[in-house]
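J.: Got a predicted structure plus its sequence, pasted below:
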Amino acid sequence: MKKINEHNLLGIKLQFLVTVVVAIVGVIAIFKNKFFPYFQLAMGFDLFLLAYNNAKVYQKNKMTLIYVVFGVLLICSALLALLGVI
């Protein structure tokens, strides 16, 4: 693990904040299906932050590519749903 500095701490705080948003939107999406694409967008962004923190702060690169791939898939799926394609 890298030494914690302001830049690393910002990434960790941002990931925590987005994770809280994902949890809130996830609970709303359970009851209202129209919020599911927004949940996917938030989850995809959270996975990007997780990949960034995993690579830069914790220096564990094995799962980083998987997080990025699933983040891209979630965001693409959400955008297609919001555009009315699927």
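T.: On my side now, so go ahead. Remember, it's a predicted structure, so these values are computed and weren't measured experimentally.
J.: what ranges of this protein fall below the confidence cut-off?
T.: By pLDDT under 70, the low-scoring segments of the chain are 1-2.
J.: Could you point out the helix or strand that follows the longest helix seen in it?
T.: Secondary structure of the chain per DSSP state H: the longest helix is helix 6-31. For helix 6-31, the following helix or strand on the C-terminal side (DSSP states H and E) is helix 36-56.
J.: in that following helix, what counts as buried?
T.: For helix 36-56, the neighbour count (16 or more other C-beta atoms under 10 Å) marks 36-55 as buried. In short, each C-beta sits where N, CA and C put it, glycine included.
J.: Report the angle between that helix and helix 6-31.
T.: 150 degrees (axes from the mean of the first three to the mean of the last three C-alpha atoms, to 10 degrees).
J.: name the helices or strands packed onto helix 36-56?
T.: Using 3 or more C-beta pairs under 8 Å, 6 or more residues apart in numbering; DSSP states H and E, the elements in contact with helix 36-56 are helix 6-31, helix 64-83.
J.: Convert the C-alpha atoms of it to CSV, please.
T.: What follows is helix 36-56 as a C-alpha-only set of coordinates in CSV (Å, rounded to 0.1, in the frame of the first residue of the first chain):
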residue,chain,number,x,y,z
PHE,A,36,-32.4,1.1,-12.4
PRO,A,37,-30.4,2.7,-15.2
TYR,A,38,-29.3,5.4,-12.8
PHE,A,39,-28.2,2.7,-10.4
GLN,A,40,-26.2,1.2,-13.2
LEU,A,41,-24.5,4.5,-14.0
ALA,A,42,-23.6,5.1,-10.4
MET,A,43,-22.4,1.5,-10.0
GLY,A,44,-20.3,1.8,-13.1
PHE,A,45,-18.7,5.0,-11.9
ASP,A,46,-18.1,3.4,-8.5
LEU,A,47,-16.3,0.5,-10.3
PHE,A,48,-14.1,3.0,-12.1
LEU,A,49,-13.2,4.6,-8.8
LEU,A,50,-12.6,1.2,-7.3
ALA,A,51,-10.2,0.3,-10.1
TYR,A,52,-8.4,3.6,-9.8
ASN,A,53,-7.9,3.2,-6.0
ASN,A,54,-7.0,-0.4,-6.5
ALA,A,55,-4.2,0.5,-8.9
LYS,A,56,-2.9,3.7,-7.4
